[in-house]
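Colleague: okay, predicted coordinates and the sequence, questions at the end:
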Amino acid sequence: MARARKSPIPFQYSLHVKRTPDDLELVHVEYLADEAALPRAMVEHMQQHIGPTGSVISWHASFENTQNKTMAKQFPDKAEFLNSLIDRTLDLEDIFAAAYVDIAFGGSTSIKKVLPVLASDLDYAGMAVANGTDAMEAWKRLIAMADGKDRDRLRADMLEYCKLDTYAMVRIFEEMERI
């Protein structure tokens, strides 16, 4: 008997926006859902803050693009925007899969292996939420928790991790530009 595959519910995103190539100021935008629900509010938040033009840099873009395709099917009125994100997405990881190798990466193209080599001042060590699996587990706990200090701390930990992930991409991108 075949089992139905569970699709993840997108619940969080973080952006570091650079409006022009010469812009030194980054604008940080983040979103974290407070309940298990279809992500319409997140898509609307993305649409408001990403907009219809410009490149979107991602790490392991196939995951992000799969989520955007799924949401485009769920919300046909948002499909044009979500499909444009897919078309505009560049995968920063591709550089490390195809053209830039360092023995310190240990044969991996994971951002967790690349970051310490190219931006050693940024580190996931010691973070309460330090990877995608941690974030998914934390969100399961978050949506079941009552309001209070523990929930606020967990929410802050999740936002901190996601913010570091996107800032890490900015720093890696800048290092690739420099090289």
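Modeller: Yes, it's here. Numbering: from 1, shown residues only.
Colleague: please identify the buried residues of stretch 36-45?
Modeller: P39, M42, V43, H45 (16 or more other Cβ atoms under 10 Å). The C-beta positions use only the backbone N, C-alpha and C, and glycine is treated the same way.
Colleague: check what pLDDT the third one gets.
Modeller: It stands for V43. For V43, the pLDDT comes out at 97.
Colleague: where does H16 land in three-state SS?
Modeller: strand (DSSP: H, G, I helix; E, B strand; the rest coil).
Colleague: does it touch Y167 like I think?
Modeller: Yes. Using Cβ atoms under 8 Å, H16 is in contact with Y167, at 5.6 Å.
Colleague: identify the contacts common to the two.
Modeller: The contact sets of H16 and Y167 overlap at L26, H28 (Cβ atoms under 8 Å, 6 or more residues apart in numbering).
Colleague: next one: phi and psi at the residue nearest to M127 when sequence neighbours are not counted?
Modeller: Closest residue to M127 apart from its sequence neighbours, by Cβ to Cβ, 6 or more residues apart in numbering: Y161 at 5.8 Å. For Y161, the backbone dihedrals (degrees, to the nearest 10) come out as phi -60, psi -50.
Colleague: pLDDT wise, what is Y161 at?
Modeller: pLDDT for Y161: 97.
Colleague: what ranges does this protein have for its strands?
Modeller: With DSSP state E, the ranges of strands along the chain come out as 12-17, 27-32, 56-58, 89-91.
Colleague: what sits against D157?
Modeller: Counting by Cβ under 8 Å, 6+ apart, D157 has contacts M127, A128, V129, A138.
Colleague: of all the residues you listed, which two lie farthest apart?
Modeller: M127 and A138 (10.8 Å; Cβ to Cβ).
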